[in-house]
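Q: coordinates for the following, if possible.
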Amino acid sequence: MSNSQPRVSIGLPVYNGENFIREAIDSILAQTFTDFELIISDNASTDRTESICRDYMAQDPRVRYCRNSRNLGVAGNFTRLLELAQGEYFKWASHDDKIAPELIEQCVQVLDQDPKIVLCHSRVVLIDQRGQVLDPQHPLFSTTFNLTANNDSPQVARRFASLISGAHNCYQGFGLIRTASARLAMPVPGYTGGDRIVLARLALLGRFHEIPEALFFVRRHPAQDTHMFDRYKQSRSSSTWFKLARTGQLFQSHPLYTHTICFNPNRAGTLMLPHWEMLRDYFLAVQETPARLRGLERLGCYLQLLVWMAQEWRNLLRDLLAIVVQPSPSYTQQKRFT
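A: You can find the predicted model right below:
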């Protein structure tokens, strides 16, 4: 790296990503906008990830490789990357996704032109393990990956409602963000859905902007954390939940709880109330936001939170029932953390 600070910092968290990380890095280094640094934070990988990343670092001075001495979990690794960033703008990147060559350039132009926009992202294309566009009939296809709703609304309560809604896959979080705003939205909470809290905090700070082109290629494959969360969404039925509870396998097998340990390994063996924790953090986001919200704007956000509670009452109740059903759970570590 040169002594001058880059305009853009791209943070790539990874754990055992040897299968796809070359494609991800190649797509980043091929950007038409070149004034950036690529920071790779390796969560103590045990495969060839380290050697692959060090090869890239030796070839391109924009690449920085940092290896954690232990696995920090998803939340810790994402937060660490932002701490290391030097640029005015920041973007998280996934080790198994790809971006089009013009993505960063177009996002920088948007943020440069409008200071009220805190995050710029593009439309999304879903791809499979081979990089082919995913067929809508594929079991890993999601129908909600391109929903933007009111993310760009000038009304803060509408933005907040849009981001706390369950009808999106959090892909906006891989857009280009003003680094100062991203730091105000930290840390990433250590439970399933913690990335939603970060997006909600950002929505309180300003508008999102979507580039109408599909410049972000999201890879879907069975081993990834997002697929684990899909299994959680598919297992939200009461019958599935109570079946696992009756057999004593709720905390060991339900993706809601196992994925929380992926976000923060220190949660293993602790009491988990993820929906109540999410409610608390949404409330604190509105209460403590550095944005200068007027009284009615803040009230509007609180009212949207009441709507969220009405929509999530079953999950809030299940969190409480989990304490009764299995008060001393024995959690199992997951094999993969980003």
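Q: buried residues in the longest strand belonging to the chain, which are they?
A: Selection of the longest strand in the chain by residue count, based on DSSP state E, yields strand 207-219. Residues 207-211, 215-219 are the ones in strand 207-219 that count as buried (16 or more other C-beta atoms under 10 Å). Every C-beta, even on glycine, is put in place using the N, C-alpha and C of the backbone.
Q: equivalent analysis for stretch 101-113, please.
A: Neighbour-count burial for stretch 101-113, counted by 16+ other C-beta under 10 Å, picks out 102-104, 106-108, 110-111.
Q: now do stretch 151-162
A: For stretch 151-162, the neighbour count (16+ other C-beta under 10 Å) marks 151-153, 156-162 as buried.
Q: check what contacts it and list those residues.
A: Stretch 151-162 has contacts (C-beta atoms under 8 Å, 6 or more residues apart in numbering) with 148-150, 163, 168, 172, 200, 203-204, 207-210, 286, 291, 293, 297, 300-301, 303-304, 307-308.
Q: which of these count as buried?
A: 150, 163, 168, 172, 200, 203-204, 207-210, 286, 291, 293, 297, 300-301, 304, 308.
Q: what is the nearest of the buried residues of strand 207-219 to Phe20?
A: Using C-beta to C-beta, Arg219 is the member of these that lies nearest Phe20, at 6.5 Å.
Q: give the helix, strand or coil label for the closest residue to the closest one other than its chain neighbours.
A: Counting by C-beta to C-beta, 6 or more residues apart in numbering, Arg219 lies nearest to Asp96, which is 4.5 Å off, once chain neighbours are set aside. Under DSSP: H, G, I helix; E, B strand; the rest coil, Asp96 falls in the coil class.
Q: now Asp96: how far from Ala24?
A: Note on Asp96: its distance to Ala24, by C-beta to C-beta, to the nearest Å, is 7 Å.
Q: overlap in contacts, those two.
A: Both Asp96 and Ala24 are in contact with Gly17, where contact means C-beta under 8 Å, 6+ apart.
Q: residue contacts, Ala200?
A: For Ala200, the contact set (C-beta under 8 Å, 6+ apart) comprises 160, 163-164, 282, 285.
Q: hang on, I meant Phe78
A: The contact partners of Phe78, by C-beta under 8 Å, 6+ apart, come to 11, 13, 92, 188, 195, 338.
Q: against Tyr191, how distant is the closest residue to the fourth one other than its chain neighbours?
A: Spatial nearest neighbour of Val188, excluding adjacent residues (C-beta to C-beta, 6+ apart): Ala75 at 4.1 Å. Ala75 is 8 Å from Tyr191, where distance means C-beta to C-beta.
Q: so what sits against both of these two?
A: Counting by C-beta under 8 Å, 6+ apart, the residues touching both Ala75 and Tyr191 are 263-264.
Q: picking up where we left off before, how many residues are close by the residue nearest to Arg219?
A: By other C-beta atoms under 10 Å, 23 other residues sit near Asp96.
Q: next: the one 3 residues further on.
A: The local packing of Ile99 (other C-beta under 10 Å) involves 23 other residues.
Q: I'd like the numbering to begin with 31 instead of 1 from here.
A: In the new count, where the first residue is 31, that last one comes out as Ile129.
Q: okay, and the residue nearest to it when sequence neighbours are not counted sits in which element?
A: Spatially, and ignoring its direct neighbours in sequence, Ile129 is nearest to Ser57 (5.1 Å; C-beta to C-beta, 6+ apart). Using DSSP states H and E, Ser57 sits within helix 51-59.
Q: now swap in Pro131 and tell me
A: Pro131 is part of no helix or strand, with elements assigned from DSSP H and E.
Q: same check on Leu42?
A: Going by DSSP H and E, Leu42 is part of strand 38-44.
Q: pull up the pairing partners for that strand, direction included.
A: strand 66-72 (parallel), strand 119-122 (parallel) (DSSP bridges).
Q: with only the CA atoms kept, save the longest one in PDB.
A: Spelled out, that is strand 66-72. Extracted C-alpha coordinates of strand 66-72, given in PDB (Å, rounded to 0.1, in the frame of the first residue of the first chain):
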ATOM      1  CA  PHE A  66      -9.400   1.400  -3.200                       C
ATOM      2  CA  GLU A  67      -7.900  -1.000  -0.700                       C
ATOM      3  CA  LEU A  68      -9.000  -4.600  -0.300                       C
ATOM      4  CA  ILE A  69      -8.800  -5.800   3.300                       C
ATOM      5  CA  ILE A  70      -9.100  -9.500   3.800                       C
ATOM      6  CA  SER A  71      -9.900 -10.700   7.400                       C
ATOM      7  CA  ASP A  72      -9.300 -14.400   7.700                       C
END
